[in-house]
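Novice: need a 3D model of the following:
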Amino acid sequence: MKRLKIRADFLRAACGIRRSTAGLTLELCPTPSPDAASLRVGFTASRKVGNAVARNRAKRRLRAAAAALLPLHGKGGHDYVLVARVATITRPFDNLLADLAGALKAAHARLDQADAGEKK
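Specialist: Below you'll find the predicted structure:
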């Protein structure tokens, strides 16, 4: 997995498919680069989540969840952005993993639906 670090990539993902759960928000869009085999992931936490310590903790938890699930369930050629929410910090890690898995499933279903609409 490659990391998203450029603001324009985060803004492009924000315009794509978005799925929110209790513990996080997932944003998904196609990668503009020609390398369709790899997936890229980015993490963000706004000041609404808390102070710097809380935001860093939330992003660490999101990185751990992404490392556990995205290699198994992610689709190559797409950018994923995980946005921390206030509950990201206190939510049990198993529930956070379930939130990410559910968001991935819903986002991929929406992506497949959009792809089927383009082929018609």
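Novice: tally up the residues packed near residue 94, please.
Specialist: Neighbourhood size, residue 94 [other C-beta atoms under 10 Å]: 8. Where C-beta positions appear, they are placed from N, C-alpha and C, glycine not excepted.
Novice: show me what contacts it?
Specialist: Applying C-beta atoms under 8 Å, 6 or more residues apart in numbering, we find residue 94 in contact with no residue.
Novice: tell me which element it falls in.
Specialist: helix 93-119 (DSSP states H and E).
Novice: enumerate the positions of that helix that are buried.
Specialist: By neighbour count on 16 or more other C-beta atoms under 10 Å, the buried set for helix 93-119 is 96, 97, 98, 99, 100, 101, 103, 104, 106, 107, 108, 111.
Novice: same deal with stretch 44-64?
Specialist: Quick answer for stretch 44-64 (16+ other C-beta under 10 Å): 44, 45, 49, 50, 54, 55, 57, 58, 59, 61, 62.
Novice: would you agree the fourth one falls within a strand?
Specialist: So the one you mean is residue 50. No. Secondary structure assignment places residue 50 outside any strand; it is coil (DSSP: H, G, I helix; E, B strand; the rest coil).
Novice: so it is in contact with residue 86, correct?
Specialist: Yes. Using C-beta atoms under 8 Å, residue 50 is in contact with residue 86, at 7.4 Å.
Novice: show me what the one helix or strand residue 65 maps to is packed up against.
Specialist: Per DSSP H and E, residue 65 falls inside helix 52-73. Using 3 or more C-beta pairs under 8 Å, 6 or more residues apart in numbering; DSSP states H and E, the elements in contact with helix 52-73 are strand 40-44, strand 78-84, helix 87-90, helix 93-119.
Novice: a markdown table please, covering the ones you listed and showing distance to residue 17.
Specialist: Shown next, in a markdown table, are the helices and strands packed on helix 52-73 (distance: least, C-beta to C-beta, whole Å):
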| stretch | distance to residue 17 |
| --- | --- |
| strand 40-44 | 15 |
| strand 78-84 | 10 |
| helix 87-90 | 20 |
| helix 93-119 | 5 |
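Novice: columns distance to residue 21 and mean pLDDT on top of those, output as JSON lines?
Specialist: Shown next, in JSON lines, are those (distance: least, C-beta to C-beta, whole Å; pLDDT from 0 to 100):
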{"stretch": "strand 40-44", "distance to residue 21": "15", "mean pLDDT": "95"}
{"stretch": "strand 78-84", "distance to residue 21": "11", "mean pLDDT": "95"}
{"stretch": "helix 87-90", "distance to residue 21": "9", "mean pLDDT": "95"}
{"stretch": "helix 93-119", "distance to residue 21": "4", "mean pLDDT": "87"}
